[in-house]
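S.K.: Predicted structure and sequence below. I'll ask about it afterward.
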Amino acid sequence: MEKWQISPDLSQKLDGLLQAAGAKNREGKVAESLELGQAAWELLPPPQEEWDFYPQIMARSMATKCAAIGDAISTKKWIEITYRMYDDPEHRDHFVLMPEGRALHQLGLYDEAYGLFAKVYEVFGRQGFSGEDAPYLEFYLKERAKGQN
């Protein structure tokens, strides 16, 4: 299904809010960044999942920021929204699985993170943990080895 395109006017407003949110995030002002992200999200006419590009990026970013401030409930809410935005009811999209696993790990929810990383490993193998995600492969393999003993 083809996604709807955002109008240039709305795109400009979203870009301004998201750039400001990014700047606040880089300054370490994550709560302010979340407020700006929420304001941008609220500009998207429902249903948000029908729009191209912005909802996917925004939802994933909101989940990551909620994890950064230690808000597990909001993190999980935004992760579920992210799966909807990526049209992934089976929860098999790497662009959502890894951020969810990272967020759960960051929140100290290691058992849940392990389950996510097990799924990533099952679907994508070691390649699912490339680059900055390599430490999570190490975590997953160590935890899996503990379970086999």
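M.R.: Cool, got the structure.
S.K.: In contact with the residue nearest to Arg60 when sequence neighbours are not counted, which residues are there?
M.R.: Excluding its sequence neighbours, the residue lying closest to Arg60 (CB to CB, 6 or more residues apart in numbering) is Thr82, at 4.9 Å. C-betas here are computed from N, CA, C, even on glycine. Going by CB atoms under 8 Å, 6 or more residues apart in numbering, Thr82 touches 56, 59-60, 63, 96, 99-100.
S.K.: gap between Ser7 and Leu14?
M.R.: Separation of Ser7 from Leu14 (CB to CB, to the nearest Å): 10 Å.
S.K.: Look at those two and report which has more neighbours.
M.R.: Leu14 (21 against 9; other CB atoms under 10 Å).
S.K.: Show me which positions of stretch 55-64 end up buried.
M.R.: Going by neighbour count (16 or more other CB atoms under 10 Å), the buried part of stretch 55-64 is 55-56, 58-64.
S.K.: ok, and what's touching it?
M.R.: Contacts for stretch 55-64 (CB under 8 Å, 6+ apart): 18, 21, 34, 37-38, 40-41, 44, 48-49, 74-75, 78-79, 81-82, 84-86, 95-96, 99-100, 102-103.
S.K.: by contact count, what packs against the longest helix along the chain?
M.R.: Ranked by residue count under DSSP state H, the longest helix found in the chain is helix 8-26. With contacts taken as 3 or more CB pairs under 8 Å, 6 or more residues apart in numbering; DSSP states H and E, helix 8-26 sits against helix 30-43, helix 54-68.
S.K.: Got the domain ranges for this protein?
M.R.: 1-74, 88-149 (automatic domain parsing).
S.K.: okay if I get the ones you listed as CSV plus mean pLDDT?
M.R.: Shown next, in CSV, are the domains of the chain (pLDDT from 0 to 100):
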stretch, mean pLDDT
domain 1-74, 94
domain 88-149, 95
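S.K.: Tell me which residue lies nearest the centroid of this protein.
M.R.: Arg60 (3.0 Å; CA atoms, centre = their mean).
S.K.: hmm, back to that, now the contacts of Thr82 as CSV including distance to Lys119?
M.R.: Below are the contacts of Thr82 laid out as CSV (distance: CB to CB, whole Å):
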residue, distance to Lys119
Gln56, 20
Ala59, 19
Arg60, 17
Ala63, 17
Val96, 11
Pro99, 13
Glu100, 10
